[in-house]
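Enquirer: Please work out how this folds:
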Amino acid sequence: MDATRLRTYLQQFEPKLWTTLREGYTLQHLRADALAGLTVAIVALPLAMALAIASGTTPEKGLHTAIIAGFLISALGGSRVQIGGPTAAFIPVVFVVIQKFGYGGLILCTLLAGLMLIAAGLLRLGTLMKYMPQPVITGFTAGIAVSIFSSQVKDALGLQMEEVPAEFVERWSAYARHFATTQPATVAMTVLGLVVIVGLRYWKPKWPGFLVALLVCTAATTLFALPTDTIGSRFGELPTALPAFDFPRIPFERTFELLPSAFTIAFLAGVESLLSAVVADGMTGGRHRSNGELVAQGVANAASALFGGLPATGALARTATNIRAGARSPVSGMLHAGYLLLFMLLLAPLMRYVPLAALAAVLLVVAWNMSEYEHFRTTLSAPWGDRVVLLLTFLLTVFFDLTVAIEAGVVVAALVFMYRMSESVEISSGVRMTDDDLDEAAARARDEQQRLRLPRGVEAYQIGGPLFFGAANRLDSLLDQFFEKPKVLVLRMRLVPVIDASGVHALRKLAERCQREGIVLILSGLRDQPNRVVAQMGLDGGAGGLHLASNFDRALKLAQSLVAAHG
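Expert: Below you'll find the predicted structure:
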């Protein structure tokens, strides 16, 4: 790799922080970033704790993740205003991994996911993630929302049960068995939290609704001595310092068992961070570096694991809050992590009084926002293939496993795409000499007139659309359509923009069959990509009864001469 290409390659990974500082960073920019960072930290504080508890771990793990990973994502990332930390998308995966493999298994999963993200960025796969089918994203996002809602029923109702099963059906069966243990005080705090959050969203949208709800519910629980679980009663005192860097005991012998979950975490982190960066670009008019963002996400996840934290990614809602608060650069995200550290050091003794019902109310609202009900409903009116992909991904996410849901959704979406592309390929008997636009009736009439002018013994067919593995088999039956076999068959290819190995293989089989039956095959009007692939795969003109012509006129002249030569 020469110096210029190496420089171009490395530029993809330059953090936006460096770009911002190089452009000039003023005191005015710092003030704006400081205010934006404080605003986001106030929003992130209750979310980080709620997400950690919902994931089956302790609240400080969420704060540690938001501080460590959030700082690194902003400092090293490819977006100017991205805010990173734990997000709701990870809850089902993290919960299941902790139940099956313990917290050490989660650390190994997060570490492996970080390495996968770094590799994906270095291999420049960031652009490919933009092509994830939307029904798959909508399906697993809605499925995750249902899973989050399902996970909060125990704390929202105060059910007296030991553990919440990971499987959806078993979970709701357990809820039904323990429904009689519902605590009225807990239900009251959940309703109060929901009323405060939803009410502020309508009447004071600029206020930090999540934090206000926590303060109101905490004050009510403390003043009236309500019998409801709090952070302190379940988890004890929160630590007032970051954990030391450590390489904890993790089950490396179970690495292969953990790989699917690690891949799911990496996939979710990559897709969610890039979607967030794209939305941020739309709000700010900027342009992120997708591969640099993936590398930053990978470093942040690996570091979070080595400090005993959770998986992290770019958080769309917090990023949007950051932008609306006036953020100018990645410094706002770095300061947001600093503010969270300060909150943890100063407020940890007070956080023990926060009722778990208030955190459940926060996550119920997060689940509703994440469900994207309107988008889900709109996709249900899409063509049948998209509906199948949406519902399959959604149901598998809810009832089985997110890893299986993503794999099945992508595979079925690919099959639907191949089917649609194969249906779009037309093999018709049109023989138009020019490319003028005509209405359908006029075009059909002209085709019929031109067909009458074809030399005796010559047939012409036109292929329209990409000739790839989903459509190549349609060439097999082409010769079976003739009542009387022609001497020369002209296959017009000018409307074929792309051809793959399967398409070339189908052409070779057609040429071999034509040769066996004494028919000369002419391919006319090959475009650049098909011409290049045909040449690379050794399907040369003149070999095996196959000829190439640059356009249809020359193909007709060649056909006339071949018919005359063979009498």
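Enquirer: Residue 349: neighbour count?
Expert: By other CB atoms under 10 Å, the residues close to residue 349 number 11. Backbone N, C-alpha and C define where each C-beta goes, glycine included.
Enquirer: any idea how far it is from residue 240?
Expert: 8 Å (CB to CB, to the nearest Å).
Enquirer: How about residue 500?
Expert: Using CB to CB, we find residue 500 at a distance of 60 Å from residue 240.
Enquirer: what about those two, which has more around it?
Expert: In terms of neighbours (other CB under 10 Å), residue 500 is the more surrounded of residue 500 and residue 240; the figures are 19 against 12.
Enquirer: residues touching the residue nearest to that one when sequence neighbours are not counted, list them.
Expert: Residue nearest to residue 500 in three dimensions, not counting chain neighbours: residue 468, with 4.5 Å by CB to CB, 6 or more residues apart in numbering. Applying CB atoms under 8 Å, 6 or more residues apart in numbering to residue 468 gives the contacts 418, 421, 498, 499, 500, 502, 503.
Enquirer: Kindly supply the ChimeraX command isolating those of those residues that are buried.
Expert: To isolate the buried members of those in ChimeraX, using 16 or more other CB atoms under 10 Å:
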select :421,499,500,503
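Enquirer: among the contacts of residue 468, which are in helices?
Expert: 418, 421, 502, 503 (DSSP state H).
Enquirer: Distance of residue 419 relative to residue 339?
Expert: 52 Å.
Enquirer: meant to ask about residue 559, not that
Expert: From residue 559 over to residue 339 (counting by CB to CB), the distance is 77 Å.
Enquirer: which one of those two has more residues nearby?
Expert: residue 559 (26 against 19).
Enquirer: Just the buried residues of the helix or strand hosting the more buried one, please?
Expert: Secondary structure assigned from DSSP states H and E places residue 559 in helix 552-565. Within helix 552-565, the residues scored as buried using 16+ other CB under 10 Å are 552, 555, 556, 558, 559, 562, 563.
Enquirer: who does that helix touch, helix- and strand-wise?
Expert: Where contact means 3 or more CB pairs under 8 Å, 6 or more residues apart in numbering; DSSP states H and E, helix 552-565 is packed against strand 458-464, strand 488-495, strand 520-524, strand 546-549.
Enquirer: buried sites along stretch 186-197?
Expert: 186, 188, 189, 190, 192, 193, 194, 196, 197.
Enquirer: How far away from the center of its chain is that stretch?
Expert: Computed by CA atoms, centre = their mean, to the nearest Å, the separation of stretch 186-197 from the middle of its chain amounts to 33 Å.
Enquirer: How about residues contacting it?
Expert: 155-158, 209-210, 212-214, 216-217, 220-221, 226, 228-229, 355-358, 360-362, 364-365.
Enquirer: and it, what's its mean pLDDT?
Expert: Average pLDDT, stretch 186-197: 95.
Enquirer: Same question for stretch 138-148.
Expert: Mean predicted confidence for stretch 138-148 is 87.
Enquirer: Same check on stretch 457-476?
Expert: 77.
Enquirer: returning to that earlier point: lowest pLDDT pick from the contacts of residue 468?
Expert: residue 421 (71).
Enquirer: Could you list the buried residues of the helix or strand harbouring residue 347?
Expert: Assessed by DSSP H and E, residue 347 sits inside helix 331-351. For helix 331-351, burial by neighbour count (16+ other CB under 10 Å) applies to 331-341, 343-344, 348, 351.
Enquirer: Please tell me how far that helix is from the chain's geometric centre.
Expert: Worked out by CA atoms, centre = their mean, helix 331-351 lies 30 Å from the chain centre.
Enquirer: Check which helices and strands it sits against.
Expert: Using 3+ CB pairs under 8 Å, 6+ apart: helix 331-351 touches helix 16-23, helix 27-54, helix 59-76, helix 316-324.
Enquirer: Next, the angle helix 331-351 makes with the last one.
Expert: Going by axes from the mean of the first three to the mean of the last three CA atoms, to 10 degrees, helix 316-324 is angled at 120 degrees with respect to helix 331-351.
Enquirer: what's the answer for the shortest one, then?
Expert: The directions of helix 16-23 and helix 331-351 differ by 130 degrees, with the same axes, to 10 degrees as the criterion.
Enquirer: now helix 16-23: mean pLDDT?
Expert: 90.
Enquirer: do the same with the last one
Expert: Throughout helix 316-324, pLDDT has a mean value of 88.
Enquirer: Over to the longest one?
Expert: The pLDDT scores in helix 27-54 average 92.
Enquirer: For it, could you pull out the residues that count as buried?
Expert: 29, 32-34, 36-54.
Enquirer: go on, stretch 223-230?
Expert: So, applying 16+ other CB under 10 Å, buried residues of stretch 223-230: 226, 228, 229, 230.
Enquirer: repeat for stretch 108-125
Expert: Per 16+ other CB under 10 Å, stretch 108-125 contains these buried residues: 108-118, 120-121.
Enquirer: List just the nearest of these to residue 456.
Expert: Nearest to residue 456 out of the buried residues of stretch 108-125 is residue 120 (CB to CB; 59.6 Å).
Enquirer: now that closest one: how far from residue 314?
Expert: Residue 120 is 15 Å from residue 314, by CB to CB.
Enquirer: how about the helices of the stretch 101-250 of the chain, start to end?
Expert: 134-151, 153-157, 168-177, 184-203, 209-223, 231-235 (DSSP state H, counting those that start in this stretch).
Enquirer: which residue sits closest to residue 255 in space, ignoring its chain neighbours?
Expert: Counting by CB to CB, 6+ apart, the residue nearest residue 255 is residue 108, at 6.8 Å.
Enquirer: Okay, now the unreliable bits of the protein?
Expert: Residue ranges of the chain with pLDDT under 70: 1, 129-131, 246-252, 422-453, 469-474, 476, 540-545, 566-567.
Enquirer: wait, isn't residue 44 in contact with residue 85?
Expert: Yes. At 6.0 Å, residue 44 counts as touching residue 85 under the criterion of CB atoms under 8 Å.
Enquirer: Can you work out which residues contact both of those two?
Expert: 66, 70, 315, 318.
Enquirer: Just to check, residue 146 is in contact with residue 371?
Expert: Yes. Using CB under 8 Å, residue 146 is in contact with residue 371, at 7.4 Å.
Enquirer: between those two, what contacts are shared?
Expert: Joint contacts of residue 146 and residue 371 (CB under 8 Å, 6+ apart) do not exist.
Enquirer: and of the buried residues of stretch 223-230, the nearest to residue 260?
Expert: Taking CB to CB as the measure, residue 229 is the one of the buried residues of stretch 223-230 closest to residue 260, at 33.6 Å.
Enquirer: ok, the nearest residue to the closest one once chain neighbours are set aside - how many residues close by?
Expert: Spatial nearest neighbour of residue 229, excluding adjacent residues (CB to CB, 6+ apart): residue 356 at 4.7 Å. Neighbourhood size, residue 356 [other CB under 10 Å]: 27.
Enquirer: which ones are touching residue 388?
Expert: Residues counted as contacts of residue 388 (CB under 8 Å, 6+ apart) are 412, 416.
Enquirer: Kindly report the same for the one 3 residues further on.
Expert: Taking CB under 8 Å, 6+ apart as the definition of contact, the neighbours of residue 391 are residue 139.
Enquirer: Going forward, the N-terminal residue is numbered 52.
Expert: Happy to do that; since the first residue is 52 now, the last one works out to residue 442.
Enquirer: Helix or strand: which one has it?
Expert: Going by DSSP H and E, residue 442 is in helix 435-450.
Enquirer: Could you give me the buried positions within that helix?
Expert: For helix 435-450, the neighbour count (16+ other CB under 10 Å) marks 436, 437, 439, 440, 441, 442, 443, 444, 445, 447, 448, 449 as buried.
Enquirer: Tell me how far residue 598 lies from residue 334.
Expert: In terms of CB to CB, residue 598 sits 57 Å off from residue 334.
Enquirer: Give me the more crowded residue out of these two.
Expert: residue 598 (20 against 13).
Enquirer: Show me the beta-bridge partners of the more buried one.
Expert: Counting by DSSP bridges, residue 598 forms beta bridges with residue 573.
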